[in-house]
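> Sequence first, then the predicted structure:
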Amino acid sequence: MKARNTSDAAGNEPRPRTDERLRAGDSPLPRPAGPERPRRLRRSIGVRRMVRETRLAAADLIYPLFVEENRSEPYPIASMPGVARLSVGDAAAEAERACALGIPAVLLFGIPRTKDPGGYGSYAPNGVVQQAIAAIKDRVPDLIVITDVCLCEYTDHGHCGVLNRHKQPQPYAALPAEYVLNDETLAVLQRIAVSHAVAGADIVAPSGMIDGMIAAIRSALDEAGFADRSIMSYAVKYASAFYGPFREAADGAPQFGDRHTHQMDPANAREALREAVLDCREGADFLMVKPALAYLDVIYRLRQQYPELPLVAYNVSGEYSMVQAAGECGRLDAAAIQWEITTAIKRAGADLIISYAAPALAHSIANQD
């Protein structure tokens, strides 16, 4: 095959493209007479703000709330300074405070008065989350209410679905008694999601990493007349040790075993792309990575792979609590570190960040502006 002639009409070899010249150190711009001074763009706070590449806004934040049935006053979570279990009324008041700070959405987790093997309280018409949705919508109608769709807070065993030993009429002989059944759990998740939509939720967020959960919930919502309600998928949720404080807050720790059969291995990143593509095909409106800080590379990968979908990152309880603990003992400036972490999560590609520090961050943003 004849070689392609890349010379110009005068027989001269073409100059390399600009990006090739930059890599070779041959700038297309004349070099300054003196030394280069990138510090000129850092000389004052005004200049630094003007050229800042990643900007946090209160509108980037989602604020999680723990709502406990029959609670009359806030119950502080020892492992999560500044976070408490709230009554329905207190949750509505806290949601109103968040809205006033410019935070656009809250994420609700419910702690019922009683638990059972099947987690039946999760879809009760007058369940704790259903009550909280109604109370918040009555007080701040324009605030977006997102609800956790899972069973771990409602089952007496603390697992995210129906266990094999509770399968009716007969458990699967080939599976362990404590195995979380997939399709039987999907049927319950459908009921939870519809009950939340009936109560007024704007977005439902299935968090158990159960295969097929997005398709099942989308079908159930559509059939119930809620085709307008969004699904925020915990598409990439790792079986992480960073969830410890949350399990105290939500009273949802497994009573035995673990969640490694349905949540992702922390060592895997390529698998995250597979999980995300499945949820996209099933109709997810948002994708989420959880945890956030230890998985910035995964957030970045998903941002590159799915630029068209809103990407959410959950700065989880352990990530929050270790910053607070370091701040309390004087080792770190907790507020500054939290700001830096949240900025890093956004810089990695997250559009929205679920954060227990959302009110403090929003307050700082307002004062900075």
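Arrived safely, thanks for sending. From a predicted model like this one, the values you see are computed outputs, not experimental measurements.
> What is the burial count for residue 50?
9 (other C-beta atoms under 10 Å). (C-beta placed from N, C-alpha, C; glycine too.)
> Oops, could you answer that again for residue 357 instead?
By other C-beta under 10 Å, neighbour count at residue 357 equals 24.
> I'd assumed residue 121 was in contact with residue 151.
No. Counting by C-beta atoms under 8 Å, residue 151 does not reach residue 121; the two are 9.8 Å apart.
> Of these two, which one has the most company?
Per other C-beta under 10 Å, whichever of residue 151 and residue 121 has more neighbours is residue 151, with 28 against 23.
> Next, find the distance separating that one from residue 337.
Applying C-beta to C-beta, to the nearest Å, the value for residue 151 to residue 337 is 34 Å.
> What of residue 316?
15 Å.
> Poorly predicted segments of the chain, please.
Along the chain, the model assigns pLDDT under 70 to residues 1-30, 32, 250-259, 369.
> Spatially central, which residue of it would that be?
residue 314 (3.2 Å; C-alpha atoms, centre = their mean).
> ok, it - contacts?
234, 288-292, 353-354 (C-beta atoms under 8 Å, 6 or more residues apart in numbering).
> which pair in the residues you listed spans the largest distance?
Using C-beta to C-beta, the contacts of residue 314 span at most 14.4 Å, a distance reached by 234 and 353.
> More neighbours: which of these two?
For residue 234 and residue 353, the more surrounded residue by other C-beta under 10 Å is residue 234, and the numbers stand at 27 against 24.
> Find the residue closest to the more buried one in space, skipping its chain neighbours.
Once flanking residues are discounted, residue 234 sits nearest to residue 207: 4.3 Å by C-beta to C-beta, 6 or more residues apart in numbering.
> picking that back up, kindly write the PyMOL command that selects the buried subset of the contacts of residue 314.
Command for PyMOL that selects the buried part of those, burial taken from 16 or more other C-beta atoms under 10 Å:
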select buried, resi 234+288+289+290+291+292+353+354
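> Identify those among the contacts of residue 314 that sit within strands.
Of those, the ones assigned to strands by DSSP state E are 234, 288-290, 353-354.
> Looking at these, which is nearest residue 169?
residue 234 (31.3 Å).
> For residue 111, see how far away the closest one is.
Where residue 111 is concerned, residue 234 sits at a distance of 19 Å (C-beta to C-beta).
> and if you look at residue 365?
On the measure of C-beta to C-beta, residue 365 and residue 111 end up 30 Å apart.
> okay, the two: which has more neighbours?
Neighbour count, other C-beta under 10 Å: between residue 365 and residue 111, residue 111 has more, with 23 against 19.
> right, and that one touches residue 132 too?
No. If you go by C-beta under 8 Å, residue 111 and residue 132 don't touch, sitting 10.8 Å apart.
> anything in contact with each of these two?
Joint contacts of residue 111 and residue 132 (C-beta under 8 Å, 6+ apart) are residue 67.
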